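>>> Sequence below, structure please.
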Amino acid sequence: MQINPFKLEQYFQKYEFTAPYLLCCSDAESYSVKDIIAMATPVDNHIWNELRLGYTESRGRPELRETLATTLYNFDYENILCFAGAEEGIFCTLYALCEPEDHVIVLTPCYQSLKEIPRLKNTEVTEIQLLEVNNWRIDLEAIKTAIRPNTKCVIINFPHNPTGQIITSDELQNLVTLLDKHGIWLFSDEAYRLLGNPSEGWSLPAAVVYDKAISLGVMSKAYGLAGLRVGWIACKDKEILKKIEQVKHYTTICNSAPSEVISLIALKNQESILHRNNMIVRKNMELLDTFLNRNRELFSWVRPHGGCVGFINYNSNESVEMLSSRAVEKAGVLLLPASIYETNSNHFRIGYGRSNMPEALSKFEEFLANENL
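Alright, predicted model coming up:
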């Protein structure tokens, strides 16, 4: 089966490194290598300085897996499998899990690979749209109605990209209770977990709550270290981890040795890293609140509860695609229209995790004034 073009990656390929003001970035503020290495303990600094640039272990460096397991999941390190970024984790996991005779349920809008990889295996996919009228919250009744005898997996993403909605502990537990009744797997994209300031608090990772859950994490979003290309999955079921690892043997085989050590150092200092990034998110959110209040006749949104992205509705007869096109061509301000998510709405994604977001937002508002909007 032919795989469809990845619309988001094609869009960013065209604009990401040419547009001066990126107002739709999905990650937190980054760090330099020097910044992270300065956080290293003497032991980790020795590991870094003596690192050999050979092949690494396919499952991931043991110290890295141990740190992930103990700090994020309270698991044994054998329940962690590392990848070259979240995308590889998505590909290998869903490719291993899905079969042609299966059916999966995907909450949309979503990162495109969450629904494309099952289709690559000829798995039937049911999309359940999160709705703005429901504040983008998970709809358990819709999931219950969509379940079939051959439903293999439900695929979720919270904090949600692009709306910034979270899943509460009660919602996650109710979902797990439903899926456990039918023996259905849960694939939970948790790339934005711990980023943002949810008023309702963070739910536990799905893999901690449910034996048939697979939690996806990555250094790219909350930690702001996308250039490392280090991701992972956590799962209590070691048999499925072995099956997923077999798929990885046909992709990257192993991770970058320097990236694993830098990730290890960053995770040991995650309290300070997350504190800094969440302070940036909080301050930028205040600026967005003011901006949206000033422009409330033009824009509206359901205020995000987690992560560093939100979905803004453009209240105009003009399409958001036209607005986005004019903004990048005339002002160098990059927005991400809803069509990239294959969603028929007049929304665009805005990102507020980077320290230069205020400048990009100012340029966008200047553009709006010049266009008499």
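
>>> from here on, contacts and neighbour counts on C-alpha atoms
OK.

>>> ok, residues contacting stretch 358-368?
By CA atoms under 8 Å, 6 or more residues apart in numbering, the residues outside stretch 358-368 that reach it are 21, 22, 23, 284, 287, 327, 330, 331, 333.

>>> For residue 355, state which of these is nearest.
Distance to residue 355 across the contacts of stretch 358-368 (CA to CA) is lowest for residue 284, with 8.1 Å.

>>> buried stuff in the helix or strand harbouring that closest one?
Assigned by DSSP states H and E, residue 284 belongs to helix 270-294. Residues of helix 270-294 classed as buried: 270, 273-274, 277-282, 284-285, 287-288, 292 (neighbour count, 16 or more other CA atoms under 10 Å).

>>> can I get the residues you listed in CSV with distance to residue 308 and pLDDT?
What follows is those, written out as CSV (distance: CA to CA, whole Å; pLDDT from 0 to 100):
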residue, distance to residue 308, pLDDT
270, 17, 97
273, 15, 98
274, 12, 97
277, 10, 97
278, 9, 97
279, 11, 97
280, 10, 98
281, 6, 97
282, 9, 97
284, 9, 98
285, 9, 97
287, 13, 97
288, 12, 98
292, 16, 98
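
>>> partner residues bridging residue 157?
With DSSP bridges applied, residue 157 shows beta-bridge pairing to residue 189.

>>> any idea of the pLDDT on the residue nearest the centre of the chain?
For the chain, residue 191 is the residue whose C-alpha lies nearest the centre (CA atoms, centre = their mean; 3.8 Å). Per-residue pLDDT puts residue 191 at 98.

>>> What separation do you get for it and residue 255?
Taking CA to CA, to the nearest Å as the measure, residue 191 falls 18 Å from residue 255.

>>> just residue 275 next, same as before
Relative to residue 255, residue 275 is positioned 27 Å away (CA to CA).

>>> picking up where we left off before, max pairwise distance over the contacts of stretch 358-368: which two?
Among the contacts of stretch 358-368, 284 and 330 lie farthest apart (CA to CA), at 23.8 Å.

>>> What's the end-to-end length of stretch 184-194?
26 Å.

>>> Can you give the contact residues for it?
For stretch 184-194, using CA under 8 Å, 6+ apart, the contacting residues are 86, 151-160, 176, 179, 202, 205-206, 212-218, 220-222, 274, 306-308.

>>> same thing but at 7 Å, please
151-159, 206, 212-218, 221-222, 307 (CA atoms under 7 Å, 6 or more residues apart in numbering).

>>> do the same with stretch 95-114
6, 90, 115, 117-118, 121-130, 150-156, 161, 243-244, 247, 341, 343.

>>> how about it: buried residues?
Residues of stretch 95-114 classed as buried: 95-99, 102-114 (neighbour count, 16+ other CA under 10 Å).
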